[in-house]
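J.: How does the following fold in three dimensions:
(one chain, ligands or ions: 1)
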Amino acid sequence: MAYRFRTGDQALVREINLSIILNTLREAAPLSRAQLAARTGLNKTTVSSLVRELIDRQFVREIGYGRSGGGRPAMMLELNPQAGYIIGVEIGVDFILVILTDFTAHVLWRWQEEINPDQPPETILDRAINATHTAIDHYETHVSPDGDSPLLGIGVGIPGLIDTDSGMVIFAPNLGWRDVPAREKFTATFDVPIFVDNDANASAMGEHYFGAARQVNDFVYLAAGVGLGGGIVLNGQLYRGISGYAGEIGHMTIIPDGELCKCGNRGCWETLVSQTAVIRRVRRAIESGKHSLVSQLVNDDLRRISISLIAQAAKAGDEVARQALEETGEYLGIGIANLINSFDPELVVFGGVLSFASEFLLPAIEATIKQRARVRPQDLPQVKVSAHGFDACVMGCVALVLYDILREPRQAS
Ligand SMILES: [Zn+2]
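T.: Numbers count the residues shown, from 1 in each chain. Sure thing, here's the model as predicted:
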């Protein structure tokens with residue numbers, strides 16, 4: 001049956017093509033119009049017309065002549081950093097981190113403050129909103145005093161179960177939040193698109209757009225810190241499941257009668273591989289009489305043990321620290337093998353505070369997945385450490401805003 005485009009369809013097709021051009025430039029700029037045509041399969045006339053529109057709308061800029069595939073010099077294109085600016089906000093368990101970036105996710109300003117998680121959610125959200133105001137003030141005073149570059153959106157990452165349609169935090173066990181309307185608080189103050197998402201989901205998109213998973217469309221991101229969060233990216237998009245709960249991998253049951261988890265169940269993966277679990281392993285070894293450099297590093301005050309001290313001791317050859325990390329690596333490997341068996345990803349990206357001890361965790365992780373993943377050895381996914389370290393979530397929050405603009409570029413101006 002012949003299919004004819006109606007006018008509305010043509011507008012939609014053009015919008016999709018604008019999105020394809022922007023995403024291709026995001027991945028591979030600088031590119032010429034001819035290279036864009038070759039990469040996208042669109043014809044050259046269409047590409048020229050789309051590029052003209054994107055230049056008029058300030059999303060794309062010409063950066064001078066370059067050699068395009070050995071031919072004669074052609075005008076090269078890239079995303080215009082001054083198309084607008086983006087703010088990423090992470091509300092962590094005991095801190096708020098805010099960054100301000102240009103349209104190409106180049107960080108222009110960064111702010112971090114400690115918070116007390118015992119404070120009510122309203123107070124913590126007010127502080128995040130104040131920090132966002134400070135970001136905007138900085139931009140308007142120092143970066144774009146003539147105001148010709150708009151704020152494109154704000155991404156907010158929170159460690160919990162989020163209803164991304166409403167921006168409601170349904171449950172954030174490590175913050176003690178239930179049914180907190182986080183986006184509503186932000187939209188009452190800022191008249192730009194606001195995206196609230198789970199911190200690990202956001203981080204996954206940040207790794208995909210500008211980190212360890214660039215050009216990789218099927219991967220699993222996991223962040224081990226206070227808790228264990230995960231983000232599953234399939235076909236270049238976050239997999240959210242039917243109700244938005246997908247990616248709660250930290251609460252896979254590994255040991256049915258194991259340690260009590262903050263979610264109320266026992267033996268969740270998180271209870272075996274969070275920073276608390278690593279610290280507990282070291283503490284128990286010391287309390288059972290084992291000698292460790294860690295006790296010297298904390299002057300025998302075992303409450304002061306941290307991941308960075310454990311990593312420091314492991315580097316110095318401390319057996320207790322090394323064993324605790326190795327055991328943790330094995331449990332990380334067990335969970336990762338389960339994920340490999342479920343999703344067959346191309347890559348696993350490992351972030352969070354524990355990734356700072358990755359040199360001691362990765363060998364045990366790799367040995368365990370080799371043993372437990374039902375995949376031919378040559379098909380095992382690589383395990384890579386997050387490219388953004390402590391900034392993984394805020395970079396991801398910026399990616400959430402970009403994702404939306406690049407998907408529907410008409411709505412951005
Ligand atoms: Zn749990």
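J.: Leaving out sequence neighbours, find the closest residue to Pro181.
T.: Excluding the flanking residues, the one nearest Pro181 by CB to CB, 6 or more residues apart in numbering is Met168, at 5.4 Å. Heads up, the C-betas are built off the backbone N, CA and C, glycines and all.
J.: Please disregard the earlier target; I meant Arg178.
T.: In space, Arg178 is closest to Phe171, 5.6 Å off (CB to CB, 6+ apart).
J.: what's the model's confidence in the helix or strand that neighbour falls within, averaged?
T.: Using DSSP states H and E, Phe171 sits within strand 168-172. The pLDDT scores in strand 168-172 average 94.
J.: Which positions in whatever helix or strand comes next after that strand come out as buried?
T.: Per DSSP H and E, the first helix or strand lying C-terminal to strand 168-172 is strand 177-181. Within strand 177-181, the residues scored as buried using 16 or more other CB atoms under 10 Å are Trp177, Val180, Pro181.
J.: Equivalent analysis for stretch 150-162, please.
T.: Buried, per 16+ other CB under 10 Å, within stretch 150-162: Leu151, Leu152, Gly153, Ile154, Gly155, Val156, Gly157, Ile158, Pro159, Gly160, Leu161, Ile162.
J.: picking up where we left off before, Provide the contact partners of the strand holding Phe171 at residue level.
T.: 121, 158-163, 177-184, 196 (CB atoms under 8 Å, 6 or more residues apart in numbering).
J.: Identify the farthest-apart pair in these.
T.: Pro159 and Glu184 (19.0 Å; CB to CB).
J.: The strand holding Phe171 pairs with which strands, and in what direction?
T.: strand 161-163 (antiparallel), strand 177-181 (antiparallel) (DSSP bridges).
J.: Can I get the longest one as CSV, trimmed to CA atoms?
T.: This points to strand 177-181. Output in CSV follows, covering the C-alpha atoms of strand 177-181 (Å, rounded to 0.1, in the frame of the first residue of the first chain):
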residue,chain,number,x,y,z
TRP,A,177,12.8,10.4,51.5
ARG,A,178,9.4,9.2,50.5
ASP,A,179,7.1,10.9,48.0
VAL,A,180,9.0,14.1,47.7
PRO,A,181,7.9,16.3,44.7
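J.: Which elements pack onto whatever helix or strand comes next after it?
T.: Once strand 177-181 ends, the next helix or strand along the chain (criterion: DSSP H and E) is helix 182-187. Applying 3 or more CB pairs under 8 Å, 6 or more residues apart in numbering; DSSP states H and E, one finds that helix 182-187 contacts helix 121-138, strand 151-158, strand 168-172, strand 194-198.
J.: now do 7 Å
T.: helix 121-138, strand 151-158, strand 194-198 (3 or more CB pairs under 7 Å, 6 or more residues apart in numbering; DSSP states H and E).
J.: quick one: which of the buried residues of strand 177-181 is nearest Val278?
T.: Trp177 (25.1 Å).
J.: follow-up on the earlier one: nearest approach to Glu319 belongs to which of the strands paired with strand 168-172?
T.: Going by CB to CB, the one of the strands paired with strand 168-172 nearest Glu319 is strand 161-163, 39.0 Å.
J.: Point out the residues in the protein that sit beside the ion.
T.: His251, Cys261, Cys263, Asn265, Cys268 (CB under 5 Å from the ion).
J.: one more time with 6 Å
T.: For the chain, the residues in contact with the ion (CB under 6 Å from the ion) are His251, Cys261, Cys263, Asn265, Cys268, Glu270.
J.: which of those are buried?
T.: His251, Cys261, Cys263, Cys268, Glu270.
J.: quick one: pLDDT of the last one?
T.: The one in question is Glu270. For Glu270, pLDDT reads 96.
J.: And for the third one?
T.: Note on Cys263: pLDDT of 86.
J.: hang on, it packs against His251?
T.: Yes: counting by CB atoms under 7 Å, Cys263 touches His251, with 5.4 Å between them.
J.: so how far is the ion from Pro363?
T.: Distance, Pro363 to the ion, using CB to the ion, to the nearest Å: 27 Å.
J.: From Cys261, how far out is the closest residue to the ion within the stretch 51-200 of the chain?
T.: Among all residues of the stretch 51-200 of the chain, Pro173 sits closest to the ion, at 7.5 Å; criterion: CB to the ion. For Pro173, the distance to Cys261 (CB to CB, to the nearest Å) stands at 8 Å.
J.: now swap in Glu15 and tell me
T.: To Cys261, Glu15 is 44 Å away according to CB to CB.
J.: Can you name the residue of the stretch 301-413 of the chain nearest to the ion?
T.: For the stretch 301-413 of the chain, CB to the ion, closest residue to the ion: Gly335, 12.3 Å.
J.: I'd like to know how far that residue sits from Thr253.
T.: Counting by CB to CB - Gly335 and Thr253 are separated by 11 Å.
J.: Between the two, which has more neighbouring residues?
T.: Gly335 (26 against 13; other CB atoms under 10 Å).
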